[in-house]
Every structure is written in C-alpha cells, then in structure tokens.
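Enquirer: can you look at this prediction? I've put the sequence above it.
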Amino acid sequence: MSTLYNQQALTSALTTALIGHRVEMHPQVGSTNDLVREAARLGEPEGLVIVADEQVAGRGRLGRVWTAPPGCCVLCSVLLRPRISPQHAFYLTIAAALAIYRVIKVLSTQHSALSTPTIKWPNDVLLEGRKVSGVLCESEFAGRDWAFTVVGFGINANLRPDELGDLRETATSLSSEFGREIDRTRLLASVLSELESLYFMLQGGQLGAVHAEWARALETIGKRITVNDFGGAVTGKALRVDPDGALVVRLDGGGERRIIAGDVAFSDR
Ligand code: BTN
C-alpha cells in the first residue's frame, strides 16, 4: 500500500527548524522552482518548501527539460537567502547534492548488494553508476547582494525501469535498486534535514568541510572524461575540483582546463 505523501504528512515528518516552516504541496504545477522564485520576489522568508506530485514544465540543468511521470518522484524546491558572499553561490548546489547523497547512502547500507552512491560532477547523484537525482539551483542577486537561491531537486523514487524510457541506460530509481517502494515523505523529510544542516554549516563559514565531503563523494576525479564546455567538447583526465567547485581537467592535447559548468561523460579512450 502507498504511504501518505501530502502536506500534513510531510509537515509532521519534518525535524527541521528553518526549512519547511511553510510547506506547499500541489498535485500539479508548471515548475516548483518557478513557484518558489515568484514567492521569493514577493518577499517570502527563507525556508519555504514547495513540492509537486507532477510538473508539466519541469526544468533541468543546462536548459534541459526535466520530466517525471505523476505520483512517483520527489519534485521539490526550497527558498534560501544565504548571508555568505555571492561568490560562493556554487556551494548551495554542492550542499543540495550532498544532502541527497547522504540520505541515499544511509538507505543503501541496508542493501549489501549495492555499492555506495556517488556524485557525478557537479551535482548528479548516482546509484550503481546511474542517475537517481538531479539538482537545479537558481539564484538572484540585488547589486552585490545575494537576494535568494531556489534549490530545486528531483529524486527518482518509485519509477519502474520501463517508465524511464530512453533514459534507462543512464538513469535509475531508488525503488528499482532497492526492490521496494520508497516512502517519499520520509525520504524528503530526511533530505530537507540534511540540507538544513549543510546550509547551517555554510552560514557558519564551514565551507571547506562541505567542499571536502562533496569532493570525496565525486566519482569523476581520476577518470577519463569528455565534458561539454562552453567552447565545445574537451577530453582528458579529471584531476581535481578547485575551491570554487570548478573541475580541473588535464587535456589530451596538453594543458589544463577549468570547467565551470557542463555535462560529464566517461570516456574509455
Ligand atoms: C538536472 O539534473 O538537470 C536537474 C534537475 C532538477 C529537477 C528539479 S524537479 C524540482 C525542481 N523544479 C524544476 O523545474 N526543476 C527542479
């Protein structure tokens, strides 16, 4: 039997102090990120959480569409108003990926057959090498000030392999890997709790600790990769991540390149 996934169930499951002080849960929206951004522009305090059972205009990174069948995934956006320097905006992306990673890691320890999850730079969470979650952070700045960030994430909770369609090779779901239905309320409450604790670390200046944990979870480092940089595809060995989150690649043709945004694919050659 499906467990309850509604506003009241989520509110009762939350253990957070800030994130989720106000929760909205909708059967269908365009994009939860858009709804949170509109609320932010109207002066909503940080901590608002908007969740949907279905998005008809869900957005992913790099201008992509994010689709998920209704009633099976976690589709959520959180409003944050960080007080740290706007030059550290990337750290919220790191924190969101890490929050999801931590929760999935705990879940996967109950399944000895599964390897530990990983993060594909910058913020895809992978299980058994396939994507189970993606993060889309969108920030607005007012002059030199950081006005707000919308932290949006999608987690493939209860999806059958056939529902993944063409993405079956590269994506998976928690239910497929764990062989049981996932309680989305508990999953989301746990992610929001981890996100809050990482956010408080950032607000308290512990950027290095958050970065170090994220860097340790990255499966990308040391691998041969191809990444679509703004200037076209580059291939080489991923060497490290810089403090600002950039991926440093030693290019096959010689030299190093810092990648700020892009889509990594592993390359055998
Ligand atoms: C990615 O991997 O490309 C990021 C996907 C982010 C999807 C989430 S679902 C909830 C929120 N609302 C959106 O429109 N996008 C994010």
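Expert: Received the coordinates, thanks. All values reported here derive from a predicted model rather than from experimental measurement. Residues are numbered from 1 along each chain as shown.

Enquirer: now do the same contact list for the residue of the stretch 51-200 of the chain found nearest the ligand.
Expert: For the stretch 51-200 of the chain, the residue closest to the ligand is residue 134, as judged by Cβ to the nearest ligand atom, at 2.0 Å. Heads up, the C-betas are built off the backbone N, CA and C, glycines and all. Counting by Cβ atoms under 8 Å, 6 or more residues apart in numbering, residue 134 touches 60-61, 66, 123-125, 153-154.

Enquirer: can you check residue 172 too?
Expert: Contacts of residue 172 (Cβ under 8 Å, 6+ apart): 127-128, 130-132, 156, 161, 164.

Enquirer: in a markdown table: those, plus pLDDT and secondary structure.
Expert: Below are the contacts of residue 172 laid out as a markdown table (pLDDT from 0 to 100; DSSP: H, G, I helix; E, B strand; the rest coil):
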| residue | pLDDT | secondary structure |
| --- | --- | --- |
| 127 | 95 | strand |
| 128 | 92 | coil |
| 130 | 95 | strand |
| 131 | 96 | strand |
| 132 | 97 | strand |
| 156 | 97 | coil |
| 161 | 85 | helix |
| 164 | 84 | helix |
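
Enquirer: buried ones among the residues you listed?
Expert: 127, 130-132, 156, 164 (16 or more other Cβ atoms under 10 Å).

Enquirer: show me what from this protein comes close to the ligand.
Expert: Residues of the chain lying close to the ligand (Cβ under 6 Å from any ligand atom) are 31-33, 55, 58-61, 64, 66, 75-77, 124, 134-136, 152-154.

Enquirer: of those residues, select the buried ones using a ChimeraX command.
Expert: Buried subset of the residues of the chain next to the ligand, written as a ChimeraX selection, criterion 16+ other Cβ under 10 Å:
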select :31,32,33,55,58,59,61,66,75,76,77,124,134,135,136,152,153,154
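
Enquirer: in strands, which of the residues of the chain next to the ligand appear?
Expert: 75-77, 124, 134-136, 152-154 (DSSP state E).

Enquirer: find the nearest non-adjacent residue to residue 26, please.
Expert: Excluding its sequence neighbours, the residue lying closest to residue 26 (Cβ to Cβ, 6 or more residues apart in numbering) is residue 52, at 4.8 Å.

Enquirer: my read is that that neighbour contacts residue 28, right?
Expert: Yes. Between residue 52 and residue 28 a contact is recorded at 6.6 Å, counting by Cβ atoms under 8 Å.

Enquirer: more neighbours: those two, which one.
Expert: Between residue 52 and residue 28, counted using other Cβ atoms under 10 Å, residue 52 has the larger neighbour count: 24 against 10.

Enquirer: and the gap between that one and residue 260?
Expert: 30 Å (Cβ to Cβ, to the nearest Å).

Enquirer: residue 251 now?
Expert: 16 Å.

Enquirer: got it, and residue 48?
Expert: Residue 48 is 29 Å from residue 260, by Cβ to Cβ.

Enquirer: give me the more crowded residue out of these two.
Expert: Between residue 48 and residue 260, counting by other Cβ under 10 Å, residue 48 is the more crowded of the two (22 against 13).

Enquirer: for the closest residue in space to that one that isn't next to it in sequence, helix, strand, or coil?
Expert: Excluding the flanking residues, the one nearest residue 48 by Cβ to Cβ, 6+ apart is residue 79, at 4.2 Å. With DSSP: H, G, I helix; E, B strand; the rest coil as the basis, residue 79 sits in strand.

Enquirer: so where is the protein shaky, pLDDT-wise?
Expert: 1-2, 230-231, 268-269 (pLDDT under 70).

Enquirer: what residue is smack in the middle of it?
Expert: In the chain, the residue lying closest to the centroid (Cα atoms, centre = their mean) is residue 135, at 2.9 Å.
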